[in-house]
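Asks: give me coordinates for this.
(2 chains)
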Amino acid sequence: MTRRRLLWRAMRQGRRLRPVADRTAAIRPGDILLAVVQRNEAVRLPYFLDWYRRLGVAHVLAVDNGSDDGSRDWLARQPDVSLWTTPDSYRSARFGMDWLTHLLGRHAHDHWVVTVDPDEFLVYPFHDTRPLAALTGWLDAARARSYPAMLLDMYPDGPVDERPYRAGDDPFETACWFDAANYTIRPNPVHGNLWIQGGPRARTMFADRPQLAPSLNKIPLVRWRRGDVYASSTHLLLPRGLNRVWDRAGGERPAGCLLHAKFLSPMVAKVAEEVERGEHFAGGREYRAYAERLARGGGFRTPWSTRFAGWRQLETLGLISRGGWA
Amino acid sequence: MTIGVIMLTHADFGRAARVARIWAAQGCPVAIHVDARVPRGTFEGFRDALADEPRVRFTRRFGCEWGTWGIVAATLAAARALLADAAVDHVYLASGSCLPLRPVAELAAHLAEHPDTDFIESVSAADVGWTVAGLNEERFTLWFPFAWRRRRWLFDRSVELQRRLGLRRRLPEGIAPHLGAQWWCLTRQTLQAILADPRRAEFERHFRHVWIPDESYFQTLARRHARRIESRSLTLAKFDINGRPHLFHDDHAALLRQSNCFVARKIWPGAERLYAEFPAPAPRPGPPDPERIEQLFARAEAERRSGRPGLYNQARFPRKDAENGKTAAPYAVLQGVADLFPEAGPWLARATGHTVHGRLFHPGRVEFANGDRGAPGGLCDSPALRDRDRRAFLTNLIWAARGQRQAFMTRPGETEDLTWFIATDPNARIVVVPGAWVLALSRAPRPFAELRSRAVALQKAEDAQIAILTSAHAKARVRIWPLAEAIAAPEGVLGGILDEVGAPPPGPMAPPPRLADTSGLPHFLRLLRDSGLRPPVPTDVLRAWPRPAVSAAARAAR
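Replies: Residues are numbered from 1 along each chain as shown, chains lettered A, B, ... in the order given. Purely as a prediction, here's the structure:
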């Protein structure tokens, strides 16, 4: 029933999207797609799109939520992007998920789709030598329809605004640190997913109320079928069978990571704006905590942080698993 | 020597055409079979793309549903076409997604070194378990009217039913069922004998209904006709945990080159580098030796099946008792040791080189070793964060600190919720000095009533804990040291701890740590006894203690 309600919402909200550049006729069967909602991310978008193009994404379904920094026009000019725009509330569209559900149902049926934010970068075993199509082909053969990739918060050595991030820069040259093993996991008996928390945000901003720390579990890669729906950001899917991407009997299923390049200089302006707008989860609780932390000039790096050195390191650390893919 | 190549194809015709040219360019006649289910237009495009290659011919098309006779029929037709060319003296069975790794000349040399030899994996079905679905001999004796891939349920029911009814087909006389990989290299003589066998029609009638005949028809009949069989395939082909062929990617190039295999299957169609680099002369020519690449696949499969012990992540969250390793490495839990020897931690760290934390699970704080604010993996000293998931706190610490042994102190009750987990973890080394907490109480400047109720709580917690540690379910190494004995002979406890947590490195032992002040203990124990409790140290031991017992070693250390 929940799924029906969410689909209904998506239909209503989705009708209010205005197409800016509809190139969906160019989508061929078997193409891997990318779905993204963005607002004023002109600085982040160039590197972001190139990352996924390099992995072999053929077409991007993008929703612009009232940007005024030129990012909408920039996106509209990209030959592999179809763009819609809406001035509506991000929050009342379930943080953009209603819009995307609508677009995915219409354009992504039976395609593998990556659904991410502009600061999330998918890595998986062999991502430097094997494009996404190799992974999705193998998942198809294994009859898997969804692939998890938990959010790995990446942070710089000092305060987030120490070095300015410019369009096209590799964010992980600056934000190259992460927490290797301070995550907590609980299975969700209702939806069958794992709820993962922890990392630098939990340790610095939610150390006294960890139950409120942001969720890090995500299932961003799905072979989409009309009727599928993201129930809570990309943390949770319906039908719930799509959430069973983890092994209960001791084995390791395949899993990647989303490197989270949030903690960079563009964040400072963003935080000020988002605290004002209150359009994010739980009334922007997280953003108020960021604002406090930024005001104190605090960074995330500790002597126990780990410096990023590629997917093999993430695999050794147990953050990602090849799940039999070799 | 001329080697004819059969190529079975059904998809990725761009790659298949390229591979056909690779074979043909090295002088091999190639007979290509295209699955009859491929649309006519696609087939004709493929055929036309190779029209200029005189060594390539296309043979009669059969429908090749997986696991059915069509694949064998196609192979037989292609083999007949190749043998019509009198120059052909070996036939190599390959597919469109195979890639020759070494030049045909090296293959020819290898075949010349092994005259009259058929390279075909051929394993006795009666004696050896094979792979998918657990069917071995029954592949030859049951009927398989339903496709395993598409109608799994009906397939299983039909097998069950035939077993229940005892239905069996009789094997043709003189046939010993053998199984093996589909890809072989047969001599002209053997292949000719199989094709010209006077009983071929009879065998075909039988094998038409055998399940996956492409893994058994030639494997069985080669046994009937071959002069010498080397029961292994010259093609490197491995199956993954899902029963699908492993695909080779660009990053396998080095391993493929070292494998010395002549042909690899399957190549991922997008593996540009592999198609660009192979075939290439072997760096150290010799027979196929795919051990390293097989190890890689075997490791991946083991990881998929049983996972890495002690790891809990988004892909692996085992239910209770299915962990295959609750923690990643041995660690020590010391209860009462720090009450007995206030400097036990630093001493033990010096003596063993291990990381010895204080009370990690102290209710009000997290006592990391050396007073650190954090620990490997990014763990931090917030008790609220630790208490969010205490088991994860422990398993994360042990996982992140692999390679550096961990130890920590506890008091009764502090890790009550973890007692079962730790007690059933073979990695845990537990040393308990029951009742040692009484030492701290005996010195505490608190009203006796308060101390008494604290003693009751600690005693209860410790009793319950020891009952678990000493139960039949415990898998940890547990050492329980009576307090009286520990006070009388502290060196014994220290030596015992070293035994439990790991031998000290060679070299002079650090001087033993100071024993805690026990002067107030007899008096406090008497108070406890007389207030109606049973003190943690037996009273007869107490009677033997007119004066506080301080060992010579401890006195020397002062």
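
Asks: going forward, measure contacts between C-alpha atoms and count neighbours the same way
Replies: Fine.

Asks: B:Val30 is in contact with B:Gly4, correct?
Replies: Yes: counting by C-alpha atoms under 8 Å, B:Gly4 does reach B:Val30; the two are 5.9 Å apart.

Asks: so where is chain B shaky, pLDDT-wise?
Replies: By pLDDT under 70, the low-scoring segments of chain B are B:128-134, B:503-510, B:538-558.

Asks: the domain parsing of it - what is it?
Replies: Per automatic domain parsing, the structural domains of chain B span B:2-252+B:262-278, B:331-557.

Asks: which parts of the stretch 51-200 of chain A sit against chain B?
Replies: Within the stretch 51-200 of chain A, the positions adjacent to chain B are A:129-130, A:134, A:141-142, A:148-150, A:179-185, A:194, A:196, A:199-200 by C-alpha under 8 Å from any C-alpha of the partner chain.

Asks: select only the buried ones of those in ChimeraX?
Replies: The ChimeraX selection below is limited to those of these classed as buried (16 or more other C-alpha atoms under 10 Å in any protein chain shown):
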select /A:130,134,148,149,150,179,180,181,182,183,184,185,194,196,199,200
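
Asks: sorry, back to before: Throw the domains of chain B into JSON lines and include mean neighbour count and distance to B:Arg299, thanks.
Replies: Shown next, in JSON lines, are the domains of chain B (neighbours: other C-alpha atoms under 10 Å in any protein chain shown; distance: least, C-alpha to C-alpha, whole Å):
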{"stretch": "domain B:2-252+B:262-278", "mean neighbour count": "18", "distance to B:Arg299": "11"}
{"stretch": "domain B:331-557", "mean neighbour count": "18", "distance to B:Arg299": "20"}
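
Asks: can you list the strands that the helix or strand harbouring A:Leu237 pairs with?
Replies: In the assignment (DSSP states H and E), A:Leu237 maps to strand A:236-238. Strand A:236-238 sits in its sheet next to strand A:229-232 (antiparallel), going by DSSP bridges.

Asks: which parts of the partner strand are buried?
Replies: A:Val229, A:Tyr230, A:Ala231.

Asks: contacts for it, please.
Replies: A:Arg3, A:Leu6, A:Leu7, A:Arg94, A:Met97, A:Thr101, A:Leu236, A:Leu237, A:Leu238, A:Pro239 (C-alpha atoms under 8 Å, 6 or more residues apart in numbering or on different chains).

Asks: do stretch B:321-332 as well
Replies: Residues outside stretch B:321-332 that contact it (C-alpha under 8 Å, 6+ apart) are A:248-250, B:306-311, B:395, B:398-399, B:402, B:405-408, B:421, B:425-431, B:501.

Asks: for stretch A:152-166, same thing?
Replies: Residues outside stretch A:152-166 that contact it (C-alpha under 8 Å, 6+ apart) are A:43, A:171-172, A:174-179, A:199-201, A:216, A:257-268, A:294, A:297-301.

Asks: ranges for the helices of the stretch 51-200 of chain A?
Replies: A:71-77, A:97-107, A:132-141, A:171-174, A:199-205 (DSSP state H, counting those that start in this stretch).

Asks: joint contacts of B:Gly4 and B:Val30?
Replies: Common contact partners of B:Gly4 and B:Val30 (C-alpha under 8 Å, 6+ apart): B:Leu82.

Asks: end-to-end on stretch B:336-350?
Replies: 19 Å (C-alpha to C-alpha, to the nearest Å).

Asks: coming back round to it: among the contacts of stretch B:321-332, name the ones in helices.
Replies: Residues of those located in helices (DSSP state H): B:Ser306, B:Thr395, B:Ile398, B:Trp399, B:Phe421, B:Val501.

Asks: B:Ser139 contacts B:Val210, doesn't it?
Replies: One thing to correct before we go on: residue B:139 is Arg, not Ser. Yes: in this structure, B:Arg139 is within contact of B:Val210 by C-alpha under 8 Å, at 5.5 Å.

Asks: ok, now which ones touch residue 95?
Replies: I went with chain A, as the question did not name one. Contacts for A:Phe95 (C-alpha under 8 Å, 6+ apart) come out as A:Ser233, A:Glu279, A:His280, A:Phe281.

Asks: correction: the question concerned chain B.
Replies: So B:Ser95 contacts B:Ile6, B:Met7, B:Leu8, B:Thr9, B:Arg265 (C-alpha under 8 Å, 6+ apart).

Asks: look up phi and psi at it.
Replies: Phi and psi for B:Ser95, reported as degrees, to the nearest 10, are phi -130, psi 170.

Asks: same check on the one 5 residues further on?
Replies: With angles defined as degrees, to the nearest 10, B:Pro100 shows backbone torsions of phi -70, psi 130.

Asks: as a markdown table, the ones in helices among the contacts of stretch B:321-332 with distance to chain A would be great.
Replies: Shown next, in a markdown table, are these (distance: C-alpha to the nearest C-alpha, whole Å):
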| residue | distance to chain A |
| --- | --- |
| B:Ser306 | 4 |
| B:Thr395 | 9 |
| B:Ile398 | 10 |
| B:Trp399 | 8 |
| B:Phe421 | 16 |
| B:Val501 | 24 |
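
Asks: nearest to B:Ile22, out of these: which one, please.
Replies: Minimum distance to B:Ile22 across the ones in helices among the contacts of stretch B:321-332 is 41.1 Å, recorded for B:Ser306 (C-alpha to C-alpha).

Asks: distance of that closest one relative to B:Ala176?
Replies: From B:Ser306 to B:Ala176 the distance is 36 Å (C-alpha to C-alpha).

Asks: where in chain A is pLDDT low?
Replies: Residues of chain A that meet the criterion pLDDT under 70 lie in A:1, A:282-283.

Asks: just give the closest residue to B:Ala17, not the sequence neighbours.
Replies: Leaving aside its sequence neighbours, B:Ala17 sits nearest to B:Leu50 (C-alpha to C-alpha, 6 or more residues apart in numbering or on different chains; 6.7 Å).

Asks: again with B:Ala400
Replies: That would be B:Gly377: by C-alpha to C-alpha, 6+ apart, it lies 5.1 Å from B:Ala400.

Asks: I'd say that neighbour and A:Thr302 touch.
Replies: No: using C-alpha under 8 Å, B:Gly377 is not in contact with A:Thr302; the gap is 10.5 Å.

Asks: quick one: residues contacting residue 202.
Replies: Using chain A. A:Ala202 neighbours (C-alpha under 8 Å, 6+ apart): A:Pro210, A:Ala213, A:Pro214, B:Leu385.

Asks: chain B is the one I meant
Replies: By C-alpha under 8 Å, 6+ apart, the contact list for B:Glu202 reads B:Pro172.

Asks: kindly report the same for B:Pro269.
Replies: The neighbours of B:Pro269, taking C-alpha under 8 Å, 6+ apart as the test, are B:Asp12, B:Arg15, B:Ser97.

Asks: reformat those as CSV; add distance to B:Leu439.
Replies: Below are these laid out as CSV (distance: C-alpha to C-alpha, whole Å):
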residue, distance to B:Leu439
B:Asp12, 78
B:Arg15, 79
B:Ser97, 75
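
Asks: give me the subset of the residues you listed touching chain A.
Replies: The overlap between the contacts of B:Pro269 and the neighbours of chain A (C-alpha under 8 Å from any C-alpha) is empty.

Asks: touching chain B at all, the helix or strand hosting A:Leu259?
Replies: According to DSSP H and E, A:Leu259 maps onto strand A:256-260. No: Strand A:256-260 lies out of reach of chain B by C-alpha under 8 Å from any C-alpha, never closer than 9.0 Å.

Asks: thinking again about what came up before, what about the contacts of B:Ser95, which are in strands?
Replies: Those of these mapping onto strands are B:Ile6, B:Met7, B:Leu8, B:Thr9, B:Arg265, per DSSP state E.

Asks: what is the nearest of the contacts of B:Ser95 to chain A?
Replies: When these are compared for distance to chain A (C-alpha to the nearest C-alpha), B:Arg265 wins out at 14.3 Å.

Asks: which one is that closest one nearest to, not counting chain neighbours?
Replies: Closest residue to B:Arg265 apart from its sequence neighbours, by C-alpha to C-alpha, 6+ apart: B:Cys98 at 4.5 Å.
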